[in-house]
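Chemist: Fold the stuff below for me.
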Amino acid sequence: MHRAGGQAILDECVAIRNRQGGCKTGEAVITTGGKLPAKYVIHTVGPVWNGDKNEKEALLANSYRNSLMLAVENNITSIAFPNISTGIYHFPKDKAVRIAVDTVNDFLSENETIQKIVFVCFDDENYNLYDAILKI
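Modeler: Here you go, the predicted model:
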C-alpha cells in the first residue's frame, strides 16, 4: 500500500506513531490516500490468534467497528475491508468472516452514512466463506 500510495501515507503514519506511540490492537487511524484512488486509508491493527480467544474475537470486532466509526467521522460513504488478521496473524478465517459480517451489519443497523462496503478477498477460501454468509 505504501509503495502504491506513495510517501504521503508513510509520512502520516510516522507522524501518528510519533504523536500517539502507534495504533493499539482493535483501534484505527486515518491517513490520506496519497496516490491511491481513494481519498483516505483507514489503518487498523487486528489481533494475533493466540491466548484468550474471546478477547481476540472482541478485538477483531473492534478493528471493524473503529474503522467504520472513523469513516463516518470523516464523511466517508464507501469503505473496503481486507480479511483482517487472517494472514500471518492466523485468525481462523471462518470466525473472522462471521465477525466481520456481524460487526458491519450491527453498525449499519444504527448508522446510514456508509452506503457501500466491499470485502476484499485475497483467496478462494475467504471468498467462498463470505459468499456463503452474504447469500443467506
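Chemist: Contacts for the helix of greatest length in the chain next, please.
Modeler: Taking DSSP state H as the assignment, the helix of the chain that covers the most residues is helix 53-73. Helix 53-73 is contacted by residues 25-30, 42, 44-50, 76, 79, 81, 84-85, 91, 95-96, 99-100, 102-104, 107, 111, 113-114 when judged by CB atoms under 8 Å, 6 or more residues apart in numbering. In this view, the C-beta of every residue, glycine as well, is placed from N, C-alpha and C.
Chemist: Low-confidence regions, this protein specifically.
Modeler: Low-confidence segments of the chain, defined by pLDDT under 70: 136.
Chemist: ok, Ile133 - contacts?
Modeler: Taking CB under 8 Å, 6+ apart, we find Ile133 in contact with 97-98, 101.
Chemist: try Lys95
Modeler: Glu57.
Chemist: Would you state the strands of this protein in chain order?
Modeler: 28-32, 40-44, 78-81, 116-119 (DSSP state E).
Chemist: So what's the gap between the last one and the chain middle?
Modeler: Using CA atoms, centre = their mean, to the nearest Å, the distance from the centre of strand 116-119 to the centre of the chain it belongs to is 11 Å.
Chemist: same question, the second one
Modeler: If you compare the mean C-alpha spot of strand 40-44 with that of the full chain, they lie 8 Å apart, counting by CA atoms, centre = their mean.
Chemist: Mind putting the strands of the chain into a markdown table with mean neighbour count?
Modeler: As requested, the strands of the chain are exported to a markdown table (neighbours: other CB atoms under 10 Å):
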| stretch | mean neighbour count |
| --- | --- |
| strand 28-32 | 19 |
| strand 40-44 | 20 |
| strand 78-81 | 15 |
| strand 116-119 | 14 |
